[in-house]
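Undergrad: What would the 3D arrangement of this be:
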Amino acid sequence: MEPNLPDVVLWSIPAFVLLTVIEMVSYRLHPDEDAAGYETKDAATSLTMGLGSLGFDLLWKIPILAIYMGVYELTPLRVPVLWWTVLLMLLAQDFFYYWSHRGHHVIRILWACHVVHHSSRKFNLTTALRQPWTSATVWPFYLPLIACGVHPAALAFCQSANLVYQFWVHTERVGKLPRPFEYVLNTPSHHRVHHASQGSYLDRNYGGILIVWDRMFGSFAAETERPVYGLTKNISTHNPLRVATHEYAAIARDVRAADTWSERAGRVFRGPGWQPAAKAAGGAGASESVRAAASVPAQAAAPAPAPEGTR
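TA: Residues are numbered from 1 along each chain as shown. Model (predicted):
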């Protein structure tokens, strides 16, 4: 029996609109020259990417739901939908979201999907809506939950709740929160770091609702300097189709230019800034639109700069 759970994204749309208007007005009334703020074309692109993602997600959900339902029917396990199991499912979904998000930063073919969300040089509530059109790469990370007996509808509810939570962390108008909140939750301060392009900030703070996963697995960085948003080599377009596909095109160019099959595989499955040793020594450039791939160090307290390369 399919769980009867609300569509939290649909119910949250009025709040999204209201909060975005309030943020826009706040910049008009109290300008901040140091903040990234708003730019009309950039905000329009983010909104267009968000609307487009809704349509493409409907297409991707058809085969994904079929796979999920197949796995769910095969497993003998069943997780009932009760108030306390929903809390546990939210916690588990957030854990797997962390690994999905991390994977989409360190594997280039996955980064080609996620790069859309990082392609703006602004950081405001419309940036939260700048979503990819190729999110079919996310579903494998949640198969363990389905195999453990979580109904696909319950997983969809948890994913939606996670997405709604992350809307408000895309702002510069909220400073650091009291220490207990900053230690446990993903906050605007933590997420500003995630969207920054400085070397010490690259590939940090992957958490959705909770930041504890980053603290546990060595990918946490605190906000200590004002972030510079975007990619290390930014794209100069507001064309939604190019925003959605530019990194796939860059991968195709790099694969065509590769000399060996191992290099071709590396261009697709290694980090976004990966270079074959010989070309790295010779100073050959990577793709024009990717961010530097950073291996997350074990010591989270003092994040090291990313290795050479561009993202």
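
Undergrad: lowest-confidence helix or strand of the protein?
TA: The weakest-scoring helix or strand in the chain, judged by mean pLDDT, DSSP states H and E, is helix 277-282 (a mean of 69).

Undergrad: could you give the mean pLDDT of stretch 148-163?
TA: Stretch 148-163 comes out with an average pLDDT of 97.

Undergrad: going on from the longest helix along the chain, what's the next piece of helix or strand?
TA: Counting residues, the longest helix found in the chain (DSSP state H) is helix 40-74. Counting by DSSP states H and E, the element after helix 40-74 in chain order, helix or strand, is helix 83-106.

Undergrad: Whatever helix or strand comes next after that next one vs helix 40-74, what angle?
TA: Downstream of helix 83-106, the next assigned helix or strand under DSSP H and E is helix 108-118. Relative orientation of helix 108-118 versus helix 40-74 (axes from the mean of the first three to the mean of the last three C-alpha atoms, to 10 degrees): 130 degrees.

Undergrad: What distance do you get for the spatially closest residue to Arg130 that is not a sequence neighbour to Val81?
TA: Once flanking residues are discounted, Arg130 sits nearest to Ser46: 3.9 Å by C-beta to C-beta, 6 or more residues apart in numbering. Glycine gets a C-beta too; all of them are placed from N, C-alpha and C. Applying C-beta to C-beta, to the nearest Å, the value for Ser46 to Val81 is 34 Å.

Undergrad: cool, Leu185 as well?
TA: The gap separating Leu185 from Val81 is 25 Å, by C-beta to C-beta.

Undergrad: Next, the buried residues of the longest helix of the chain.
TA: The neighbour-count check on helix 40-74 (16 or more other C-beta atoms under 10 Å) flags 42-43, 45-46, 48-50, 52-53, 56, 60-61, 64, 68, 72 as buried.

Undergrad: per-residue confidence averaged over that helix?
TA: pLDDT averaged over helix 40-74 gives 95.

Undergrad: That one packs against which elements?
TA: In this structure, helix 40-74 packs against helix 143-147, helix 152-167, helix 240-257, with contacts taken as 3 or more C-beta pairs under 8 Å, 6 or more residues apart in numbering; DSSP states H and E.

Undergrad: buried ones in the shortest one?
TA: Of the residues in helix 143-147, those with enough neighbours to count as buried (16+ other C-beta under 10 Å) are 145-146.

Undergrad: That one - contacts with which helices or strands?
TA: Using 3+ C-beta pairs under 8 Å, 6+ apart, helix 143-147 sits against helix 40-74, helix 83-106, helix 152-167.

Undergrad: Alpha carbons of that helix, in PDB - could you do that?
TA: Extracted C-alpha coordinates of helix 143-147, given in PDB (Å, rounded to 0.1, in the frame of the first residue of the first chain):
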ATOM      1  CA  LEU A 143      18.900   2.000  -3.800                       C
ATOM      2  CA  PRO A 144      20.100   0.800  -0.400                       C
ATOM      3  CA  LEU A 145      17.100   2.500   1.200                       C
ATOM      4  CA  ILE A 146      14.700   0.800  -1.200                       C
ATOM      5  CA  ALA A 147      16.400  -2.500  -0.600                       C
END
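
Undergrad: so what's the closest residue to Tyr97 other than its chain neighbours up against?
TA: Residue nearest to Tyr97 in three dimensions, not counting chain neighbours: Gly208, with 4.4 Å by C-beta to C-beta, 6+ apart. Residues near Gly208 by C-beta atoms under 8 Å, 6 or more residues apart in numbering: 94, 97-98, 101, 162, 165-166, 186.

Undergrad: Reformat those as CSV; add neighbour count.
TA: Formatted as CSV, the contacts of Gly208 follow (neighbours: other C-beta atoms under 10 Å):
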residue, neighbour count
Asp94, 21
Tyr97, 24
Tyr98, 24
His101, 22
Asn162, 19
Tyr165, 18
Gln166, 16
Asn186, 26
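
Undergrad: Mind putting these into a markdown table with distance to Leu110?
TA: Formatted as a markdown table, the contacts of Gly208 follow (distance: C-beta to C-beta, whole Å):
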| residue | distance to Leu110 |
| --- | --- |
| Asp94 | 19 |
| Tyr97 | 14 |
| Tyr98 | 14 |
| His101 | 10 |
| Asn162 | 18 |
| Tyr165 | 22 |
| Gln166 | 18 |
| Asn186 | 20 |
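
Undergrad: Would you agree the residue nearest to Arg130 is in contact with Thr127?
TA: Yes - Ser46 lies in contact with Thr127 (C-beta atoms under 8 Å); the separation is 5.8 Å.
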